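K.L.:
okay, here's the prediction I keep looking at, along with the sequence it came from:
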Amino acid sequence: YGKRIHVLPIDDTIEGVTGNLFETFLKPYFLEAYRPVRKDDLFLVRGGMRAVEFKIVEVDPGDFCIVAPDTVIFCEGEPIKRDDEERLDDIGYDDI
């Protein structure tokens, strides 16, 4: 299991979103779910009538882990600007 992960939102998906991103999106998404993550992964979280896309920017230890209840989730920092090649059309964990 991972000790800690660092997650940041993609800037164009949080326009107009107010409130605590962790409480609204990340906490319910990861709570008791034991989700596998990999550094540089993009994932979409729905909550509060919105969908916000996040990117895994760091994983400790290694480049991938399973997020367990005792994994620390950092979400401080500036939102990430979307690169042209990073699109939601790509296949991700939600497609499996």
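P.N.:
Alright, I've got the coordinates.
K.L.:
in stretch 52-72, which residues are buried?
P.N.:
Neighbour-count burial for stretch 52-72, counted by 16 or more other CB atoms under 10 Å, picks out 52-57, 59, 65, 67, 71. Just so you know, the C-beta spots here come from the backbone N, C-alpha and C atoms, and that holds for glycine as well.
K.L.:
tell me the one among those residues nearest to Val7.
P.N.:
Distance to Val7, by CB to CB, is smallest for Phe54 among the buried residues of stretch 52-72, at 5.0 Å.
K.L.:
thought His6 was touching the closest one, still the case?
P.N.:
No. With contact defined as CB atoms under 8 Å, Phe54 and His6 do not form a contacting pair (10.4 Å).
K.L.:
between those two, what contacts are shared?
P.N.:
Residues touching both Phe54 and His6 (CB atoms under 8 Å, 6 or more residues apart in numbering): none.
K.L.:
what is the longest helix belonging to the chain packed up against?
P.N.:
Secondary structure of the chain read by DSSP state H shows that its longest helix is helix 27-30. Using 3 or more CB pairs under 8 Å, 6 or more residues apart in numbering; DSSP states H and E as the contact definition, the elements that helix 27-30 packs against are strand 42-47.
K.L.:
Ala33 - nearest residue in space that isn't next to it in sequence?
P.N.:
Once flanking residues are discounted, Ala33 sits nearest to Val67: 7.4 Å by CB to CB, 6 or more residues apart in numbering.
K.L.:
so what does that neighbour look like in phi/psi?
P.N.:
phi -80, psi 110 (degrees, to the nearest 10).
K.L.:
quickly list what it is bridged to.
P.N.:
Per DSSP bridges, the residues bridged to Val67 are Arg35.
K.L.:
so the residue lying closest to Val72 once chain neighbours are set aside versus Val17, what's the distance?
P.N.:
Spatial nearest neighbour of Val72, excluding adjacent residues (CB to CB, 6+ apart): Arg4 at 4.0 Å. Per CB to CB, to the nearest Å, Arg4 is found 24 Å from Val17.
K.L.:
Arg38 now?
P.N.:
Plainly put, Arg38 is 25 Å away from Val17 if you go by CB to CB.
K.L.:
surely the residue nearest to Val72 and Asp70 touch.
P.N.:
No. At 9.9 Å, Arg4 and Asp70 do not qualify as touching, with contact defined as CB under 8 Å.
K.L.:
great, nothing more from me.
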